[in-house]
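> I need the structure of the sequence given here:
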Amino acid sequence: MTKFDEATQAIRVDDTTYDVCLDDGYSIGGPLNGGYLMAAMLHAVVDASPHAHPVSTSAQFLRVARPGPARVLLEPLKTGRTAAMTRARLVQDDAPFIEMLVTTATLDGEAAPDWADGPSAVMPDLADCVRLPDPKPESNMNFSAQMELAFDPPTIGWLTGAPTGRPESRAYFRLAEPQDPDPYVLALAVDALPPVVFSAGARGWAPTVELTWHLRALPAPGWLTLIGGGRLISDGWFDEEVEVWDSAGRLVAQSRQIARLGRG
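Numbering: from 1, shown residues only. Purely as a prediction, here's the structure:
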């Protein structure tokens with residue numbers, strides 16, 4: 001079992017209850033990353049489902065979850081031959097922290113698309129991309145140690161005071177510990193980029209309020225490509241859309257979230 005698998009493990013208590021232990025290694029200055037939390041909850045949902053893959057997930061982030069014990073409570077809504085729908089709730093100290101609606105199905109790993117578009121942006125070669133500086137230990141940015149991100153240089157111009165002025169972020173992604181990507185890694189990947197508003201000139205924590213993502217195909221081994229962008233920053237809110245492409249050039253995940261504008 002890899003470190004990520006262990007950190008997202010859900011242990012069955014009964015048909016609708018799972019225990020999880022939320023790992024501080026996925027915290028960002030204290031709060032835990034939303035993609036990591038979704039991955040842990042999805043392990044419970046899929047374990048209880050007759051279908052193998054979470055094809056659609058919509059999460060409402062009610063409160064900031066902290067490291068430590070938690071429970072995932074499941075409510076089956078419908079079970080069919082091709083899909084099942086489940087409501088999942090992450091609870092700590094009897095308080096709900098995340099509410100999710102999840103559709104599970106079983107994807108064919110050998111399926112070829114009938115039609116496919118290409119990426120919305122062209123990435124430079126991996127060798128021409130750059131890493132962010134290691135965070136200072138006192139920042140408690142533990143999350144960055146769990147993955148490797150190699151960025152398209154213009155999209156991290158905000159580090160040197162030269163943001164592009166557009167909400168965008170693009171990078172190659174893989175876990176720090178070698179592991180082939182799977183649907184749970186994709187749940188992490190769709191929320192792994194720095195907020196796209198950084199490139200538009202904003203700074204500070206930008207908490208996600210709602211995030212929906214779709215699993216479109218089972219990913220091939222190797223680096224993933226993350227292409228993030230936004231359409232509107234207004235009245236203290238912004239949106240963020242992320243495409244995830246695998247090493248075989250297939251679209252394997254898509255997400256959209258609405259978030260609050262951070263304060264620098």
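> for the chain, which spans come out with low pLDDT?
Along the chain, the model assigns pLDDT under 70 to residues 137-139, 263-264.
> remind me, longest helix of it?
Longest helix in the chain by number of residues (criterion: DSSP state H): helix 34-48.
> Which elements pack onto the very next helix or strand once past it?
Heading C-terminal from helix 34-48, the first helix or strand you meet, by DSSP states H and E, is strand 53-61. Applying 3 or more Cβ pairs under 8 Å, 6 or more residues apart in numbering; DSSP states H and E, one finds that strand 53-61 contacts helix 34-48, strand 95-105, helix 183-189, strand 208-215. All C-beta atoms are positioned from the backbone trio N, CA, C, and that covers glycine.
> go again using 6 Å as the cut-off
The helices and strands touching strand 53-61, judged by 3 or more Cβ pairs under 6 Å, 6 or more residues apart in numbering; DSSP states H and E, are helix 34-48, strand 95-105, strand 208-215.
> Using a markdown table, lay out these together with mean neighbour count and distance to Glu243.
Shown next, in a markdown table, are the helices and strands packed on strand 53-61 (neighbours: other Cβ atoms under 10 Å; distance: least, Cβ to Cβ, whole Å):
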| stretch | mean neighbour count | distance to Glu243 |
| --- | --- | --- |
| helix 34-48 | 25 | 15 |
| strand 95-105 | 19 | 20 |
| strand 208-215 | 20 | 11 |
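> Distance to Ser144 added to these, as a markdown table?
As requested, the helices and strands packed on strand 53-61 are arranged in a markdown table below (distance: least, Cβ to Cβ, whole Å):
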| stretch | distance to Ser144 |
| --- | --- |
| helix 34-48 | 12 |
| strand 95-105 | 22 |
| strand 208-215 | 17 |
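> How far does the longest helix of the chain sit from its chain's centre?
Averaged C-alpha coordinates place helix 34-48 at 11 Å from its chain's average position (Cα atoms, centre = their mean, to the nearest Å).
> Okay, angle between it and strand 208-215 too, please.
Helix 34-48 and strand 208-215 meet at an angle of 50 degrees, taking axes from the mean of the first three to the mean of the last three Cα atoms, to 10 degrees as the criterion.
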